[in-house]
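*Asks:* Fold the following and give me the result.
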Amino acid sequence: MPSPPRDEADRGARQPLYVFSGGFLTQPRIRRILTLAGYDIRVGKPSGQADRIAVWGRSPTAPRGEAVSDWTDAHLIRVEDAFLRSVHPKRVGGDAPIGLLIDPVGVHFDSSTPSRLEEILASEPLDDGAVLQRARDGMARIKTSHLSKYNNFDLDLDVPDPGYVLVIDQTRGDASVLHGGATESTFREMLAYAEIEHPGQRIVIKTHPETAAGARQGYYDESQAHGRISLLSDPVSPWSLLEGAIAVYTVSSQLGFEAILSGHRPRVFGQPFYSGWGLTQDENPVPRRTRKLTKAQLFAGAMIHAPTWYDPCRDRLCSFEEAADQIEAEVRTWREDRRGYVAVGMRLWKRAHLQRSFGRHRRLVFTDDPTRAVKRAATEGRDLMVWAGRETDQLRDLAAGQVLRRVEDGFLRSRGLGAELVPPLSLVTDRSGIYYDPARESDLERLITAGPPPGGEVRAERLMARLIRQGLTKYTPDEVDMPDMPRGRRILVPGQVEDDASIRLGAGRETTNRALLERVRAENSDAVIIFKPHPDVVAGLRPGHLPEPEARSYADVVAERAPPAKLIEAVNEVWTISSGMGFEALIRGKPVTCLGTPFYAGWGLTRDLFPPPSRRSARPTIAALVHAAIIAYPRYSDPVSGLPCPAELIADRLADRDIPHPGRQNRLLAKLQGMFASQSWLWR
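*Replies:* Sure, this is the predicted structure:
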């Protein structure tokens with residue numbers, strides 16, 4: 001794929017693209033995608049056939065460019081949104097698209113002439129096994145993640161009871177209707193067919209999201225809702241809606257495409273791009289479409305081959321999967337945060353990055369009074385948020401019946417310590433419990449038990465390889481020299497913060513670093529034991545210090561500042577109470593023995609010397625564990641663009657050190673808390 005032009009000198013290498021619609025100039029995302037795709041956006045008169053003119057599909061402004069094309073013989077390119085677009089429709093939320101269909105042949109919804117997408121579906125081999133597997137994974141993924149072209153629907157809303165016939169409305173005058181062989185009468189005919197072909201069955205008419213928002217009129221209204229026919233305007237998940245349908249009727253809606261992916265054979269009354277390939281019942285077929293395709297082939301053409309996808313965080317073109325990673329992160333943020341939060345128990349230094357992470361759609365309200373927090377959340381329709389270690393029984397009791405999210409740092413956090421007030425790049429928000437408390441099930445446990453979505457293990461394997469190759473861990477400290485390591489069977493023993501919640505709630509019999517080392521030595525008398533004190537303890541910021549002479553009475557090496565990734569690589573195994581380094585060792589293929597109950601214990605991947613909860617009965621692979629813990633459980637914020645982002649982006653930022661330094665105020669706070677290190681309750 002083309003790399004971003006670095007300066008104006010690169011313009012000469014790009015194809016001149018003349019535009020006659022202000023949207024190409026005023027919408028930065030569209031202009032940027034076209035630039036990265038190799039075009040130089042210009043205004044003025046094309047010089048002839050070597051130049052190109054861009055128009056937006058069959059929009060009202062398209063005739064301007066069409067007329068200039070006829071006049072100058074410059075070739076026409078039609079641009080449209082890809083089929084996975086944004087959280088909100090353009091007319092409702094103003095969101096920019098994540099991808100475009102840049103078509104030098106036609107436009108996918110105009111059946112009067114072929115389009116580039118139709119050419120792909122009609123003549124490309126579409127038999128590459130790897131691509132078809134990507135397509136199968138992609139189909140399953142967007143269904144599992146409830147992703148569609150627009151994604152401002154509410155997963156908590158109920159759909160009608162199963163057993164209905166689904167009739168899909170569209171916006172009046174939409175180009176896909178006008179240029180897809182349909183008219184207003186087609187919608188009346190479609191509803192009549194649904195009634196005749198399904199006597200006595202309930203019929204649900206699904207309103208278009210822009211119609212429901214009042215932005216555009218549809219073809220159906222309340223006058224059609226009578227008897228067994230109902231109008232559904234609630235923003236429900238299309239995948240949930242399709243799951244309960246016994247038949248699907250559409251003119252040219254994208255929901256017809258998704259109906260195919262859901263296993264339906266929709267009755268189609270227009271001529272959309274997905275009709276005519278043997279996957280639909282066509283009332284008005286396109287004669288030139290004679291090829292028979294599988295669902296995977298249709299998906300490969302429409303979602304993998306035809307679109308130009310964009311990564312807004314890295315500012316480059318990308319694959320379908322990378323675009324799905326990004327839109328999934330943005331959609332998750334909107335779904336979880338749109339109601340807003342009342343945040344309780346948040347230290348002052350954390351509030352700015354919490355606001356950035358969780359306040360994109362409605363600003364957070366902070367308070368330290370649990371009673372006031374619960375009352376305000378109920379009054380304003382907000383959810384509650386608490387830093388996990390500051391959750392109290394009082395808050396839990398007061399919040400009964402309300403959504404309460406417990407917040408903690410994620411497992412791919414930063415370059416630098418949280419105790420040094422380095423803002424996190426990842427945070428977890430847990431509605432069930434919290435990952436380090438084995439006494440109750442957490443959202444992480446549920447993710448591990450459920451297993452990854454289709455394609456999830458492959459994605460996790462790629463991420464694991466990246467973490468190993470780039471030496472990334474939770475804090476990814478700067479490189480320092482490794483200590484001399486004696487020969488023999490080496491056991492790494494990560495030290496812990498002795499008052500940490502993971503020790504208080506997840507430790508076994510050993511709760512101190514001294515007791516930990518004592519047991520490891522007692523059970524491994526001939527081993528070379530390497531003790532790595534916790535970095536917060538080394539910095540004097542948290543309790544758990546073990547004087548070096550005392551540590552050396554059990555350990556052969558005390559590696560205070562050695563990088564965790566290199567230490568793990570240099571040893572044969574890891575013994576721990578509940579340290580995150582045990583998880584990082586599993587990623588790197590090292591045997592791990594647990595004396596406590598960290599989140600990664602009890603799944604058959606570790607040797608557990610303290611009984612884990614019996615509910616941990618699933619037996620995931622390491623890749624499945626990594627998908628749950630690093631990809632699905634945390635949320636990530638890109639420190640460069642400010643956008644929600646996937647885990648892979650954060651791995652790149654950490655590896656490239658592409659992370660802005662904390663501001664001056666943050667650095668002053670860090671120095672201040674260092675002066676009061678013994679009073680850690682002030683800043684934790």
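*Asks:* where does the chain have low pLDDT?
*Replies:* Along the chain, the parts satisfying pLDDT under 70 run over 1-12, 416-420, 479, 661-684.
*Asks:* Using the record's assignment, carve it into domains.
*Replies:* Partitioning the chain according to the TED database yields domains covering residues 149-294, 318-449, 455-664.
*Asks:* can you tell me which of these comes nearest to residue 37?
*Replies:* Residue 37 lies closest, by Cβ to Cβ, to one member of those: domain 318-449, at 12.0 Å. (Glycine included, C-beta is placed from N, CA and C.)
*Asks:* for that closest one, how far is the first residue from the last?
*Replies:* Its first and final residues considered, domain 318-449 spans 31 Å by Cα to Cα, to the nearest Å.
*Asks:* right, and the domains of the chain - which one's nearest residue 128?
*Replies:* Of all those, domain 149-294 sits nearest to residue 128, with 13.0 Å by Cβ to Cβ.
*Asks:* Now do that closest one: distance to the chain's middle.
*Replies:* Taking the mean of its C-alpha atoms, domain 149-294 sits 28 Å from the chain's own mean (Cα atoms, centre = their mean, to the nearest Å).
*Asks:* And stretch 26-35, by the same measure?
*Replies:* The answer for stretch 26-35 is 23 Å, by Cα atoms, centre = their mean.
*Asks:* re earlier: please render the domains of the chain as CSV that adds mean neighbour count and distance to residue 136 to the earlier fields.
*Replies:* CSV is the format used below for the domains of the chain (neighbours: other Cβ atoms under 10 Å; distance: least, Cβ to Cβ, whole Å):
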stretch, mean neighbour count, distance to residue 136
domain 149-294, 19, 10
domain 318-449, 19, 13
domain 455-664, 19, 8
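*Asks:* Just send those domains back as CSV, with distance to residue 85 too.
*Replies:* Formatted as CSV, these follow (distance: least, Cβ to Cβ, whole Å):
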stretch, distance to residue 85
domain 149-294, 5
domain 318-449, 8
domain 455-664, 16
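*Asks:* Quick one: closest of those domains to residue 125.
*Replies:* domain 149-294 (11.3 Å).
*Asks:* What is the end-to-end distance of that closest one?
*Replies:* Using Cα to Cα, one end of domain 149-294 lies 21 Å from the other.
*Asks:* Equivalent analysis for stretch 608-615, please.
*Replies:* For stretch 608-615, the first-to-last residue distance is 15 Å (Cα to Cα).
*Asks:* List the contacts of it.
*Replies:* For stretch 608-615, the surrounding residues in contact (Cβ atoms under 8 Å, 6 or more residues apart in numbering) are 438, 441, 445, 508, 509, 593, 594, 595, 596, 597, 601, 602.
*Asks:* wait, what's in contact with residue 598?
*Replies:* 436, 502, 506, 576, 577, 578, 579, 580, 582, 583.
*Asks:* And it, how far from residue 376?
*Replies:* The spacing between residue 598 and residue 376, counted by Cβ to Cβ, to the nearest Å, is 35 Å.
*Asks:* One more: residue 477?
*Replies:* Residue 477 sits 40 Å away from residue 376, going by Cβ to Cβ.
*Asks:* again with residue 599
*Replies:* Residue 599 sits 32 Å away from residue 376, going by Cβ to Cβ.
*Asks:* which outside residues touch stretch 631-644?
*Replies:* Contacts with stretch 631-644, where a contact means Cβ under 8 Å, 6+ apart, come from 312-313, 315, 326, 329-330, 332-333, 336, 353, 356-357, 360, 410-412, 425-430, 435, 443-444, 447, 452, 456, 459-460, 463, 645-647, 649-650, 653, 658-660.
*Asks:* do stretch 308-319 as well
*Replies:* Applying Cβ under 8 Å, 6+ apart, the contact partners of stretch 308-319 are 1-4, 29, 32-33, 36-37, 82, 96-102, 304, 320, 322-323, 326, 638, 640-641, 643, 645, 649, 652.
*Asks:* Next step: these restricted to helices.
*Replies:* Using DSSP state H, the members of the contacts of stretch 308-319 that fall in helices are 29, 32, 33, 36, 320, 322, 323, 326, 649, 652.
*Asks:* which residues does the first one contact?
*Replies:* Spelled out, it's residue 29. Residue 29 is in contact with 96, 97, 310, 312, counting by Cβ under 8 Å, 6+ apart.
*Asks:* What are the boundaries of the strands in the stretch 501-650 of the chain?
*Replies:* Counting by DSSP state E, counting those that start in this stretch, one finds strands in the stretch 501-650 of the chain at the ranges 528-532, 557-558, 573-576, 592-594, 607-608, 634-637, 644-645.
*Asks:* In a markdown table: these, plus distance to residue 342.
*Replies:* As requested, the strands of the stretch 501-650 of the chain are arranged in a markdown table below (distance: least, Cβ to Cβ, whole Å):
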| stretch | distance to residue 342 |
| --- | --- |
| strand 528-532 | 39 |
| strand 557-558 | 45 |
| strand 573-576 | 36 |
| strand 592-594 | 37 |
| strand 607-608 | 39 |
| strand 634-637 | 18 |
| strand 644-645 | 21 |
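*Asks:* State the pair within the contacts of residue 29 that is farthest apart.
*Replies:* Pairwise over the contacts of residue 29, using Cβ to Cβ, the maximum falls at 97 and 312, 10.1 Å.
*Asks:* These two: who's more crowded?
*Replies:* Neighbour totals were compared for residue 97 and residue 312, and residue 97 leads with 24 against 20 (other Cβ atoms under 10 Å).
*Asks:* how near is the more buried one to residue 85?
*Replies:* Distance of residue 97 to residue 85, computed by Cβ to Cβ: 5 Å.
*Asks:* can you check residue 140 too?
*Replies:* Computed with Cβ to Cβ, the distance linking residue 140 and residue 85 is 20 Å.
*Asks:* which of the two has more neighbours?
*Replies:* Ranked by neighbour count (other Cβ under 10 Å), residue 140 and residue 85 place residue 85 first, with 21 against 15.
*Asks:* contacting residues for the more buried one?
*Replies:* By Cβ under 8 Å, 6+ apart, residue 85 lies in contact with 95, 97, 98, 99, 149, 150.
*Asks:* switch to 6 Å and redo it
*Replies:* Neighbour list for residue 85: 97, 149 [criterion: Cβ atoms under 6 Å, 6 or more residues apart in numbering].
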